[in-house]
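*Asks:* Output the structure for:
(chains A and B)
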Amino acid sequence: MIANVPPAHPGPLTSFKDSNEPVRSAAQNTCKLCTPLGACLAFRGIRGAVPLVHGSQGCSTYMRRYLISHFREPIDIASSNFSEHSAIFGGGENLQQGLRNVIRQYHPELIGVATTCLTETIGDDVKRILSEFIKNSQPGDPPIVPVSTPSYTGTYVDGFHAAVREMVVALARPGASGTHINLFPGIVSPADLRYLREWAAAFGIELVLLPDYSDTLDGESWSEFHHIPAGGTTTADIARTGSAQVSIAFGHIAARQPSAAGYLAENHGVPALFPGMPIGIETSDALSQILKKYSGNMIPELILRERGRLVDAYADGHKYVFGQRIAIIAEDDLAVSLAGWLVEIGSKPVLVAAGGHESHLKTTLAETGIDLQKTQVLADADFVRVETSATELKPDLILGSSKAANLARKLAIPLVRVGFPIHDRFGAQRIAHLGYRGTQQLFDRLINALLEKKQNESVGGYSYL
Amino acid sequence: MPAPETALGCPKSGATLPVILTERQQQIFRKGETQHELACEKKSLAGSVSQRACVFCGARVVLYPIADALHLVHGPIGCAAYTWDIRGAQSSGSQLYRNSFSTDLRETEVIYGGEKKLYAALTELIAAHQPKAAFVYSTCIVGLIGDDVEAVCRRVSQESGIPVLPVQSEGFKGTKKDGYRAACEALFTLVGTLPAANEGHFRVNLLGEFNIGGETWVLKKYFRRIGITIVSTLTGDGRVNDVRRSHGAQLNLVQCSGSMTRLAQLYQEKHGIPFKRVSWFGLEDTAKALYETAEFFENKELLVRTQELVRSEISVVDPQLRILKQDLQGKRAAIYVGGAFKAFSLIRALRLLGMQTVVVGTQTGNREDYESLKELCDPGTIIVDDSNPVELAQFIREKKVDLFIGGVKERPIAYKLGVGFCDHNHERKIALAGFEGMLNFAKEVHATCMSPVWRFSPARQGALT
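*Replies:* Next up, the predicted model:
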């Protein structure tokens, strides 16, 4: 399952319809968000970074509001604040002014500039504008990393990966191969990021985790005001990605697109591994084996015990989940890994829906061992199509974000909240999905949701299940 | 000459000095200290991280609660995704308005135009959902690619037999206020298209009341008791046909004057219906609004019934408010809201609870609004226009506030700094209007100010040393 594959389909972010799907004219409650949001999320995982959205004021404000509702942390995203004038004459002046003001107000260590449908459509040449800005740069000005994220191509997931790639393209430096390892985790929770660091540390591995918003988006209470929350990957560490032993990028689908790991493989000779998100024992073992190989150390006792407890929990809980029909609605890579995990524990992923535009969802699921005869797959999905399928398939439970809450209510089945966004429950930033520990939590939550339903529906109510 | 950038607060060594950007200094006023006029109604400064949104946001928030209409966002997915079921506006019937419908424009449409897709989407959605009218929101990109949205709407309206109304809300073409105006104009094209309502002797419309947390229903109960008929609420728990008959009202009661004054003026010009500015927040303001309404109709019995209602309602909540006031007396509040009307009511309501407002700001206040605020506030109060997180954080630290009232974007600023918070925006699910709403508000303020958790906050000397 671990493949040392370079990007299979390099090229710009472009949308493709799954050829088997009928072309629809209206999107109704889509399973995706727009591209620049993902870029902003990635930039928030860099130490001292401020994202700047090149577009209307509303874009940055909507993204802030949306991200805050999930993470419950301050999320400052600047805007170049387009007006009619800028739409006609170009947004260069606004972008330059915006950058200067962000530097004055925030003293950032990096500014990430994400474009929008507006600025891409009028044809603003952001790279040229930035080179002018840099020509007039002042001592102490931070690096500026632009990323092209028009919302008419791709989704927030593509925007996220594109931003990570652009940061590596801009900042990675060649060098004699070190012992450190690059890890590009994709969109996971702060709890997951924290666990990944612990996991690598247990092997004695020095990790460059990019991005790392475990502190910036799940931080402590403050004693004084911070312009930019503490934590995040440093620009120095991003520079070191060019001299790592190996890059590990989670996500089978991301692996098929231009990626940071792919860039480093092509340009800096850093081998790239695309193992998929480690959810479940098999995929977590795969990551442990990679860490073992590259650290030269044995699998640590700590990790073995954690794994042992998960195997024990599987034994204790296997009957509750065996044969359970489950619908997954999540971003593509998370959906693929969750489906693989459900098969591992004996449940049936009867429906896998994801918002990504690309047509790789089916093939990727097939490659990870999902029987497509038994699993309905919806790419480029919206909740109306998901509802039609789910009504017919009658799943026992949904794994999905808060956006699936209404569907779960309609079908009167439990929803176990995973992924993004989770804005109808508390603690989204602490939900763990990855590794032995994350799988343990998912397993507990899955079983408890099923037990709760059983309890609620039993005539007398059981207090002993 | 602008003053040099000022450093505020006193961060410990190592922290960078927070600055107020020079260009922003004219938009900050300290009563009794500042000499200059407070600048307002300016375009937001690029890179300042304004809390404002865009034209689309203004139009969308005003029209959102019209429950039996189809709301179709024409553009790439972002704008529709960010406004999917995000408001606390409730409906007693149709839930159609809580969906997110989008033409989800992709690269091809951006190049070749989106009219065909818009036509197909409208036709498909109207057939599927049988709405009473459709609103088609133009987003940034639509203004650039040159779609003739009006022509498509006209055609679909003829074919479907329902009003299909274009809302000109391209994000960059102005501010949120221009969005309010676009919404009002779209709404007004409905008014008078069915026979005027004539049920009841005394008939009013409620403008700028959005049924957040069921507030419209609270007010309806009051009006029923005193014998006044509400013809249409614009737009809380709104229905298309009620709006179409709403020219049968004899008086329009306008809350949220920033968004709805334009609509009230249109009613006056075309249908001769006078309007009154009111607020349904706080005991004083609610009582005043009810009395003024009763006086308008010059009916003695109506006035007596109103007096009875006000007396009985206040007698229920007043004893409870007095108890809460004992704890809240002397506490200090900061307010940052969209429109000034809300700030006026909040300052008065906080005074009733014994609290002092020491910081107050709005996103879209005008000169007249700020003059009123200056009069209403105590000396030393900071009044700010179009502020941002850096400034707001500084102000609440400097003024040592106990409570911050704002929206989701302001919440983490307060909590990070150990300050209580109360949501007074459209996302909230609690009714704050009317007499009982004041009690809900007081309870919420009390809960956040009196919570014992703040003693652990490092900002309040709660750090473990």
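*Asks:* what's the domain layout of chain A?
*Replies:* A:35-170, A:181-295, A:314-457 (automatic domain parsing).
*Asks:* Format the ones you listed as JSON lines; extra columns: distance to B:S312 and mean neighbour count.
*Replies:* Yep, even glycine has a C-beta here, placed from its N, CA and C like the rest. JSON lines is the format used below for the domains of chain A (distance: least, CB to CB, whole Å; neighbours: other CB atoms under 10 Å in any protein chain shown):
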{"stretch": "domain A:35-170", "distance to B:S312": "39", "mean neighbour count": "24"}
{"stretch": "domain A:181-295", "distance to B:S312": "44", "mean neighbour count": "22"}
{"stretch": "domain A:314-457", "distance to B:S312": "37", "mean neighbour count": "20"}
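*Asks:* Let me see the contact set for the residue in the stretch 351-465 of chain B that chain A sits nearest to.
*Replies:* The nearest approach of the stretch 351-465 of chain B to chain A comes at B:P458, 3.5 Å away (CB to the nearest CB). Residues near B:P458 by CB atoms under 8 Å, 6 or more residues apart in numbering or on different chains: A:220-223, B:418.
*Asks:* Looking at the domains of chain A, which is nearest to chain B?
*Replies:* Using CB to the nearest CB, the nearest of these to chain B is domain A:35-170, at 2.6 Å.
*Asks:* how far does the closest one stretch from start to finish?
*Replies:* 20 Å (CA to CA, to the nearest Å).
*Asks:* From A:V208, how far out is A:L264?
*Replies:* For A:L264, the distance to A:V208 equals 11 Å [CB to CB, to the nearest Å].
*Asks:* which residues do the two both contact?
*Replies:* Joint contacts of A:L264 and A:V208 (CB under 8 Å, 6+ apart) are A:182, A:241, A:244.
*Asks:* Turn those residues into JSON lines, including secondary structure.
*Replies:* Shown next, in JSON lines, are the shared contacts of A:L264 and A:V208 (DSSP: H, G, I helix; E, B strand; the rest coil):
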{"residue": "A:N182", "secondary structure": "strand"}
{"residue": "A:T241", "secondary structure": "helix"}
{"residue": "A:A244", "secondary structure": "coil"}
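*Asks:* ok, the closest residue to B:Y119 other than its chain neighbours - contacts?
*Replies:* Leaving aside its sequence neighbours, B:Y119 sits nearest to B:V152 (CB to CB, 6 or more residues apart in numbering or on different chains; 5.2 Å). B:V152 is in contact with B:115, B:118-119, B:122, B:136, counting by CB under 8 Å, 6+ apart.
*Asks:* Would you reformat those as JSON lines and include pLDDT, neighbour count and secondary structure?
*Replies:* Compiled in JSON lines, those are given as follows (pLDDT from 0 to 100; neighbours: other CB atoms under 10 Å in any protein chain shown; DSSP: H, G, I helix; E, B strand; the rest coil):
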{"residue": "B:E115", "pLDDT": "95", "neighbour count": "20", "secondary structure": "helix"}
{"residue": "B:L118", "pLDDT": "97", "neighbour count": "27", "secondary structure": "helix"}
{"residue": "B:Y119", "pLDDT": "97", "neighbour count": "18", "secondary structure": "helix"}
{"residue": "B:L122", "pLDDT": "97", "neighbour count": "27", "secondary structure": "helix"}
{"residue": "B:V136", "pLDDT": "98", "neighbour count": "27", "secondary structure": "strand"}
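*Asks:* Let me know the closest of these to A:N297.
*Replies:* Looking at these and their distance to A:N297, the nearest is B:L118, at 59.6 Å (CB to CB).
*Asks:* so A:D192 touches A:R437, yeah?
*Replies:* No: judged on CB atoms under 8 Å, A:D192 makes no contact with A:R437 at a distance of 9.3 Å.
*Asks:* Out of the contacts of B:P458, which comes closest to A:T364?
*Replies:* Among these, A:E220 lies closest to A:T364 (CB to CB), at 38.1 Å.
*Asks:* how far away is the closest one from A:A432?
*Replies:* 19 Å.
*Asks:* all helices of the stretch 251-400 of chain A, in order?
*Replies:* Using DSSP state H, counting those that start in this stretch, the helices of the stretch 251-400 of chain A run over A:260-268, A:281-295, A:301-321, A:332-344, A:360-367, A:383-393.
*Asks:* Quick one: mean pLDDT over the fourth one.
*Replies:* For helix A:332-344, the per-residue pLDDT values average out at 97.
*Asks:* try the first one
*Replies:* Helix A:260-268 shows an average pLDDT of 97 in the prediction.
*Asks:* who does that helix touch, helix- and strand-wise?
*Replies:* helix A:156-171, strand A:181-184, strand A:246-249, strand A:272-273 (3 or more CB pairs under 8 Å, 6 or more residues apart in numbering or on different chains; DSSP states H and E).
*Asks:* Any stretches of chain A with poor pLDDT?
*Replies:* A:1-24 (pLDDT under 70).
*Asks:* Could you pull out the strands in it for me?
*Replies:* A:27-28, A:49-54, A:78-79, A:110-115, A:144-147, A:181-184, A:207-209, A:246-249, A:272-273, A:325-329, A:348-353, A:376-378, A:397-400, A:415-417 (DSSP state E).
*Asks:* now those strands in TSV, with distance to chain B?
*Replies:* Listed next are the strands of chain A as TSV, based on distance: least, CB to the nearest CB, whole Å:
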stretch	distance to chain B
strand A:27-28	4
strand A:49-54	7
strand A:78-79	5
strand A:110-115	9
strand A:144-147	12
strand A:181-184	24
strand A:207-209	24
strand A:246-249	25
strand A:272-273	28
strand A:325-329	14
strand A:348-353	16
strand A:376-378	15
strand A:397-400	14
strand A:415-417	15
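*Asks:* Pipe the ones you listed into a markdown table and attach distance to B:G179 per row.
*Replies:* Formatted as a markdown table, the strands of chain A follow (distance: least, CB to CB, whole Å):
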| stretch | distance to B:G179 |
| --- | --- |
| strand A:27-28 | 22 |
| strand A:49-54 | 19 |
| strand A:78-79 | 16 |
| strand A:110-115 | 23 |
| strand A:144-147 | 28 |
| strand A:181-184 | 39 |
| strand A:207-209 | 41 |
| strand A:246-249 | 41 |
| strand A:272-273 | 46 |
| strand A:325-329 | 32 |
| strand A:348-353 | 33 |
| strand A:376-378 | 34 |
| strand A:397-400 | 32 |
| strand A:415-417 | 33 |
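*Asks:* next structured bit after the worst-scoring helix or strand of chain B on mean pLDDT?
*Replies:* Of the helices and strands making up chain B, the lowest-confidence element is strand B:6-7, at a mean of 42, by mean pLDDT, DSSP states H and E. Next helix or strand after strand B:6-7 toward the C-terminus (DSSP states H and E): strand B:19-20.
*Asks:* quick one: contacts for A:S189?
*Replies:* Per CB under 8 Å, 6+ apart, neighbours of A:S189: A:428-433.
*Asks:* gap between stretch A:59-74 and the chain center?
*Replies:* 16 Å (CA atoms, centre = their mean, to the nearest Å).
*Asks:* is any part of that stretch close to chain B?
*Replies:* Yes: Stretch A:59-74 is in contact with chain B by CB under 8 Å from any CB of the partner chain, via A:59-66, A:68-69, A:72-74.
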